[in-house]
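*Asks:* fold the following.
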Amino acid sequence: MDLYAENILDHYRYPRGKKTIADPTVTHSEVNLSCGDRVTVSLTLKGDRIQEFGWDGEGCAVSQAAMSILAEELEGKSLDAIASLTPVHVRAKLGVPISTRRLKCAFLALHALKNLLRVREGLPLQSWEETMNEEYGAAGGN
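*Replies:* Take a look at the predicted model:
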């Protein structure tokens with residue numbers, strides 16, 4: 001458990017992919033209104049591949065570490081990599097139990113990425129409930 005907690009603290013202290021993209025193809029921001037955590041995600045595309053990915057944000061260690069962890073996975077991948085991300089995947093990557101109270105912190109990055117795709121496609125934004133219920137329900141197992 002301590003090893004996983006250290007991983008979260010490492011990503012929080014030394015975030016991966018936290019950078020500004022000069023001329024992004026698409027950018028989207030999300031805020032967790034219950035606590036004030038925020039992230040902005042941007043990417044440039046070459047075809048359907050993510051050529052460059054960057055993000056900025058502030059908030060608790062869980063929200064910022066989740067974004068950093070996902071950022072490591074995305075550069076060079078197809079947009080399908082974002083589309084296939086799930087709450088279960090995020091929980092597994094974080095590697096620590098997430099209480100119901102902290103779910104929006106843990107899934108803020110996922111929510112921003114899912115809505116980034118929707119902005120690119122000209123679709124209405126996905127609600128928090130859609131993001132959090134996407135695989136197993138908002139409370140889900142820890």
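*Asks:* burial count for the closest residue to residue 106 other than its chain neighbours?
*Replies:* Residue nearest to residue 106 in three dimensions, not counting chain neighbours: residue 98, with 4.6 Å by Cβ to Cβ, 6 or more residues apart in numbering. Every residue, glycine included, has its C-beta placed from N, CA and C. When neighbours are counted by other Cβ atoms under 10 Å, residue 98 registers 19.
*Asks:* and what of residue 62?
*Replies:* What residue 62 shows, counting by other Cβ under 10 Å, is a neighbour count of 23.
*Asks:* what kind of secondary structure is it in?
*Replies:* Assigned by DSSP: H, G, I helix; E, B strand; the rest coil, the conformation of residue 62 is helix.
*Asks:* the nearest residue to it once chain neighbours are set aside: what secondary structure?
*Replies:* Closest residue to residue 62 apart from its sequence neighbours, by Cβ to Cβ, 6+ apart: residue 105 at 4.5 Å. Residue 105 carries the three-state label helix when classified by three-state DSSP.
*Asks:* quick one, what contacts residue 105?
*Replies:* Residue 105 is in contact with 32, 35, 37, 59-60, 62-63, 66, 98, counting by Cβ atoms under 8 Å, 6 or more residues apart in numbering.
*Asks:* circling back to that earlier point, that's a strand at the residue nearest to residue 106, yeah?
*Replies:* No - counting by three-state DSSP, residue 98 is not found in a strand; it is coil.
*Asks:* would you confirm that it contacts residue 88?
*Replies:* No - counting by Cβ atoms under 8 Å, residue 98 stays clear of residue 88, with 11.3 Å between them.
*Asks:* okay then, goodbye and thanks.
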